[in-house]
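Undergrad: the amino acid sequence is not available; the structure is as follows:
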Ligand code: HXC
């Protein structure tokens, strides 16, 4: 499909989606988020795709929701139009893993989009922030909720109340990103991670994603039960027999998603 604000490449089981509004540092317009929602939904439906990567440019993953667009909006426009809701829900409904590869600015909605992904790989130049307070507003798609769960109350308050940016090293230290890599290696390392995931059984991959996400939704006892039942259900799969047999026979497993 032809898109205006993103570029989609599907290669070797990986759908790589590049945010592409260079003149606005990949600011998230409704069009961009709509196209992104369509692209990840297509990737979910495409049997060939086993992992999704969302990235931006070297200077910006995304510098936030589009301020020019929002500056024209009223409360009624935003409330009645349910601004950003359908597109972001579509992104979080995807069952295949999504990696955010972040270089440069991931601010406001950009930081929130990265947090909607399953994990974040950052380059040394990455800068994260929730600077909406500088615009007389606040985060609206996870900046007070997901960030608080990821980095704790104190840092989430600090980031949201002062609007300061966090560099990659601080983001890794506080658990916002899973790893920091040299700027030039961002895509190489991200694609290597994506390919590693793509080589696993999609049944375990999708069950793991569902189970980790439960940790943010339900009390520990319920989460542990959910995990245990999913674990038990793995014994109904051919991929479990294959994975364990391959280990014992000292060979690589041939998973068939069955
Ligand atoms: C629209 C944006 C933009 C944005 C940058 N641009 N961020 N346009 N929305 N969020 C545009 C600039 O207007 C400029 O366009 C061009 O991109 C380059 O930006 P500069 O400011 O010239 O670059 P630089 O001096 O390097 O500064 C980079 C920056 C700064 C620090 C990232 O652009 C900045 O502070 N941007 C806004 C960050 C922000 O407040 N994000 C939160 C948005 S609110 P021209 O045409 O002048 O060249 C939000 C709400 C989320 O995200 C809640 C619901 C989703």
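TA: Thanks, I have the structure now. Note that the structure is a prediction, hence the values are computed from the model and not measured.

Undergrad: my read: residue 5 touches residue 30, true?
TA: No: if you go by C-beta atoms under 8 Å, residue 5 and residue 30 don't touch, sitting 10.0 Å apart. C-beta here means a position set from N, CA and C on the backbone, and glycine is covered the same way.

Undergrad: and the stretch 101-250 of the chain, which residues reach the ligand?
TA: Residues of the stretch 101-250 of the chain lying close to the ligand by C-beta under 6 Å from any ligand atom are 105, 107, 108, 109, 131, 132, 134, 135, 139, 140, 141.

Undergrad: quick one: contacts for the closest residue to residue 138 other than its chain neighbours?
TA: Counting by C-beta to C-beta, 6 or more residues apart in numbering, the nearest residue to residue 138 once its immediate chain neighbours are dropped is residue 132, at 5.2 Å. Contact partners of residue 132, counting by C-beta atoms under 8 Å, 6 or more residues apart in numbering, are 64, 108, 138, 139, 140, 143, 160, 163.

Undergrad: and residue 165, how far from residue 59?
TA: 14 Å (C-beta to C-beta, to the nearest Å).

Undergrad: who has more neighbours, these two?
TA: Between residue 165 and residue 59, counted using other C-beta atoms under 10 Å, residue 165 has the larger neighbour count: 18 against 13.

Undergrad: and that one, how far from residue 116?
TA: 19 Å.

Undergrad: and the strands in the protein?
TA: For the chain, applying DSSP state E gives strands covering 6-11, 14-19, 51-55, 60-62, 98-102, 105-107, 119-123, 127-129, 165-167, 179-181.

Undergrad: and these as JSON lines, adding mean pLDDT?
TA: Converted to JSON lines, the strands of the chain look like this (pLDDT from 0 to 100):
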{"stretch": "strand 6-11", "mean pLDDT": "97"}
{"stretch": "strand 14-19", "mean pLDDT": "98"}
{"stretch": "strand 51-55", "mean pLDDT": "98"}
{"stretch": "strand 60-62", "mean pLDDT": "98"}
{"stretch": "strand 98-102", "mean pLDDT": "99"}
{"stretch": "strand 105-107", "mean pLDDT": "98"}
{"stretch": "strand 119-123", "mean pLDDT": "98"}
{"stretch": "strand 127-129", "mean pLDDT": "98"}
{"stretch": "strand 165-167", "mean pLDDT": "98"}
{"stretch": "strand 179-181", "mean pLDDT": "98"}
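
Undergrad: how far off centre is stretch 107-119?
TA: 6 Å (C-alpha atoms, centre = their mean, to the nearest Å).

Undergrad: likewise stretch 239-258?
TA: How far stretch 239-258 lies from its chain's middle: 29 Å, per C-alpha atoms, centre = their mean.

Undergrad: again with stretch 125-136
TA: On C-alpha atoms, centre = their mean, the centre of stretch 125-136 falls 18 Å from the chain's centre.

Undergrad: residue contacts, the most centrally placed residue in the chain?
TA: Nearest to the geometric centre of the chain sits residue 117, at 1.2 Å (C-alpha atoms, centre = their mean). Listed by C-beta under 8 Å, 6+ apart, the contact set of residue 117 reads 54, 98, 99, 100.

Undergrad: ok, how many other residues are close to the third one?
TA: Taking other C-beta under 10 Å as the criterion, the count of residues near residue 99 is 24.

Undergrad: surely it meets residue 119?
TA: Yes: with contact defined as C-beta under 8 Å, residue 99 counts as touching residue 119 (6.0 Å).

Undergrad: so can I have CSV of the contacts of residue 132 showing neighbour count?
TA: Listed next are those as CSV, based on neighbours: other C-beta atoms under 10 Å:
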residue, neighbour count
64, 28
108, 28
138, 13
139, 23
140, 18
143, 24
160, 20
163, 16
